[in-house]
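*Asks:* any chance you could fold what I've pasted below:
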Amino acid sequence: MRRQRNVKIVATLGPASETMEMIGALHDAGADVFRLNMSHGSHEEIAEKHRIIREIEAETGSSIAILADLQGPKLRVGVFANGSEELEEGARFRLDLDEAEGNLERVCLPHPEIFEALEPGSHLLVNDGKIRLKVIDCGGDYADCEVITGGTISNRKGVNVPDVVLPLAALSDKDRADLEFVCELGVDWLALSFVQRPEDVEEARSLAKGRAALLSKIEKPSAVERFDDILDASDGIMVARGDLGVELPVQNVPPIQKRLVRRCRAVGKPVIVATQMLESMIESPMPTRAEVSDVATAIYEGADAVMLSAESAAGDYPVQAVTTMDRVASEVEQDPTYTQIIEASRTAGRATVADAIVAAAREIAETTDIKAICCFSQSGTTALLTARERPRVPIIALTSNVRTARRLALSWGCNCVVTGEVDRFKSAVVSAVRAALSEGFATAQDLVVVTAGVPFNVPGSTNILRVAPCDEKLIFASDPE
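*Replies:* Numbers count the residues shown, from 1 in each chain. Sure thing, here's the model as predicted:
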């Protein structure tokens, strides 16, 4: 199923979108990637959604990526005797390890790791930052705080600690069990929550054992500070603006988003911009103008994908939300300003032969009448490098590895085609031409650019480029092989 846009759409599945009919409708409306939120649902329910997606993939002939989003450690307060209390600005409030029910003066925070990391002056945010506490005094089992921003605190509300790196692993026991389950199930991407350092990614990689690509969610200030190291350790990035906006001043989030997207583009790794993109469509069939502008901004920045969360998982209008995002993306990409912005922000450095080959492919395609760039890639490296260039013509990513095709479904502009195995460049050219013709990218009178690595099946060996006619008779007649 060819999309008339390059940016990809990630749709989260949930109670509003768990049937075969609804998931199929979301895919038809424009969803390229489906997110399974491991915070909700049993393994049996996750497996059923996975089965449905793969069935739709087989019926449509599309390569669909499945992203399993691991929950990560959940930091929450305990319960209150009255269910909730109203904290007033300037009041004192204690957090401690005492499991007794809370009151207006204190509540349990059953996470000794937090108390180990806190210092006087640190801040604690409760209920998505609606309540802000400043630590006045603390020890190994308590923190006496001043209420900086008051409000209602109630049972099991979440706690954020923005000022310190917590001595917590990104993977809880639940996450490790979920990771093993979804890797055996056959998901394509794992999203890691609570990433603070590159070591968090390496732990997940050792457990995944190559069965899924790793996408780090950037949702904490410590992850922003060590972003380059985390990016090096990851296969992709999710800019989780919701949590970033809780732990950082909200005005800091837009420039951080731009910097992170730019860095991901520079190294050719997929980046998703996520959270609250069409939030009002949870309850309304129409988005706000501000939300449309927000989605458009992420696309203008060159993000590989934009994501729907509750809009498609639990909202009243999941198909309309995907359709809206699809229409916004198509409209933005037709804007001449979009092309100008993308090309002005393109990275100029060329460090390897592969970099030079894909840059040359783009330049040839954009200066002559070329209809598509066809990348033959077993590991996906050639396609990722080509996507980094953000060419004006379509990218056809050809591979005999269905897992590679599915992973590339997340990457900007990649139209994934699964082909038979090839061992010669001539066979790759023929496969590329046939794909360009059958998928409607070109006619027999057109030309395409074909790139590949010889010898085949060696990751990162992109070293050959050819401009090929789409008339198969001409290929066989002119090729000395």
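*Asks:* dump the residue contacts of the nearest residue to G139 once chain neighbours are set aside.
*Replies:* Spatial nearest neighbour of G139, excluding adjacent residues (CB to CB, 6 or more residues apart in numbering): F115 at 6.9 Å. No exception for glycine: its C-beta is placed from N, CA and C like everyone else's. Contacts for F115 (CB atoms under 8 Å, 6 or more residues apart in numbering) come out as L97, L109, C138, G139, G140, D141, Y142, A143.
*Asks:* sec struct for the residue nearest to the spatial centre of the chain, please.
*Replies:* Nearest to the mean C-alpha position of the chain, by CA atoms, centre = their mean, lies I272 at 3.6 Å. Secondary structure, DSSP: H, G, I helix; E, B strand; the rest coil: I272 is strand.
*Asks:* quick check: the residue nearest to G139 is in a strand.
*Replies:* No. According to three-state DSSP, F115 belongs to no strand; its state is helix.
*Asks:* any idea how far V7 is from it?
*Replies:* Computed as CB to CB, to the nearest Å, the F115 to V7 distance reads 43 Å.
*Asks:* swap in P249?
*Replies:* Distance from P249 to V7, by CB to CB: 28 Å.
*Asks:* so for these two, which sits in the more crowded spot?
*Replies:* V7 (24 against 8; other CB atoms under 10 Å).
*Asks:* that one and I299 touch, don't they?
*Replies:* Yes. Under the criterion of CB atoms under 8 Å, V7 makes contact with I299 at 5.1 Å.
*Asks:* look up phi and psi at S222.
*Replies:* Here is the backbone geometry of S222 (degrees, to the nearest 10): phi -60, psi -30.
*Asks:* surely it is in contact with R197?
*Replies:* Yes. S222 is in contact with R197 according to CB under 8 Å; the separation is 7.1 Å.
*Asks:* quick check: neighbours shared by the two?
*Replies:* Common neighbours of S222 and R197 (CB under 8 Å, 6+ apart) are V165.
*Asks:* shaky segments in the stretch 301-450 of the chain?
*Replies:* Within the stretch 301-450 of the chain, the ranges that satisfy pLDDT under 70 run 348-350.
*Asks:* quick one, strands of it?
*Replies:* Applying DSSP state E, counting those that start in this stretch to the stretch 301-450 of the chain gives strands spanning 305-308, 370-376, 395-399, 414-418, 447-453.
*Asks:* hey, where'd the strands end up in the stretch 51-200 of the chain?
*Replies:* According to DSSP E, counting those that start in this stretch, the strands that the stretch 51-200 of the chain contains are 65-69, 84-87, 92-96, 106-108, 123-126, 131-139, 142-149, 151-154, 159-160, 189-192.
*Asks:* which one of the ones you listed lies closest to E343?
*Replies:* Closest approach to E343 among the strands of the stretch 51-200 of the chain (CB to CB): strand 65-69, 26.8 Å.
*Asks:* what is the closest one packed up against?
*Replies:* Using 3 or more CB pairs under 8 Å, 6 or more residues apart in numbering; DSSP states H and E, the elements in contact with strand 65-69 are strand 33-37, helix 43-60, strand 189-192, helix 402-408.
*Asks:* tell me the mean pLDDT over that strand?
*Replies:* Across strand 65-69, pLDDT averages out at 98.
*Asks:* next, the angle from it to strand 33-37.
*Replies:* 20 degrees (axes from the mean of the first three to the mean of the last three CA atoms, to 10 degrees).
*Asks:* R327 is in contact with A296, correct?
*Replies:* No. Between A296 and R327 there is no contact under CB under 8 Å: 10.9 Å.
*Asks:* out of those two, which sits in the busier spot?
*Replies:* A296 (17 against 14).
*Asks:* what residues are shared contacts of V7 and I299?
*Replies:* V306, A329, E333.
*Asks:* turn these into CSV, columns for distance to R392.
*Replies:* Shown next, in CSV, are the shared contacts of V7 and I299 (distance: CB to CB, whole Å):
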residue, distance to R392
V306, 20
A329, 16
E333, 10
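*Asks:* where does the prediction get shaky in the stretch 1-150 of the chain?
*Replies:* If you take pLDDT under 70 as the line, the stretch 1-150 of the chain has these spans: 1.
*Asks:* quick one, what contacts T347?
*Replies:* R265, A266, R388.
*Asks:* distance of the closest residue to E219 other than its chain neighbours from L70?
*Replies:* Leaving aside its sequence neighbours, E219 sits nearest to D243 (CB to CB, 6+ apart; 3.5 Å). Applying CB to CB, the value for D243 to L70 is 14 Å.
*Asks:* phi, psi for L109 please.
*Replies:* Dihedral angles for L109 - degrees, to the nearest 10 - are phi -120, psi 90.
*Asks:* tell me who's in contact with it.
*Replies:* L75, V77, G78, L95, D96, L97, F115, A143, V159.
*Asks:* just the buried subset of those, please.
*Replies:* Buried by 16 or more other CB atoms under 10 Å: L75, V77, G78, L95, D96, F115, A143, V159, out of these.
*Asks:* can you redo those residues as TSV with distance to G151?
*Replies:* Listed next are the buried ones among the contacts of L109 as TSV, based on distance: CB to CB, whole Å:
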residue	distance to G151
L75	18
V77	13
G78	18
L95	16
D96	20
F115	23
A143	18
V159	14
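*Asks:* on that earlier part again, would you confirm that the residue nearest to E219 contacts P221?
*Replies:* No. The pair D243 / P221 is not scored as a contact, 10.1 Å apart, by CB under 8 Å.
*Asks:* so of the contacts of T347, which ones are in helices?
*Replies:* Residues of the contacts of T347 located in helices (DSSP state H): R265, A266, R388.
*Asks:* which one of those sits closest to S63?
*Replies:* Of the ones in helices among the contacts of T347, the one sitting nearest to S63 (CB to CB) turns out to be R388, at 19.5 Å.
*Asks:* now do the closest one: how many residues are near it, please.
*Replies:* Neighbour tally, R388, other CB under 10 Å: 25.
*Asks:* need the contact list for the spatially closest residue to it that is not a sequence neighbour.
*Replies:* Residue nearest to R388 in three dimensions, not counting chain neighbours: G268, with 3.7 Å by CB to CB, 6+ apart. With contact taken as CB under 8 Å, 6+ apart, G268 is in contact with L384, L385, A387, R388.
*Asks:* okay, G268 and G302: tell me how far apart.
*Replies:* In terms of CB to CB, G268 sits 12 Å off from G302.
*Asks:* for T404, same thing?
*Replies:* Taking CB to CB, one finds T404 at 23 Å from G302.
*Asks:* torsion angles phi and psi at Q196?
*Replies:* Dihedral angles of Q196 (phi, psi; degrees, to the nearest 10) stand at phi -120, psi -20.
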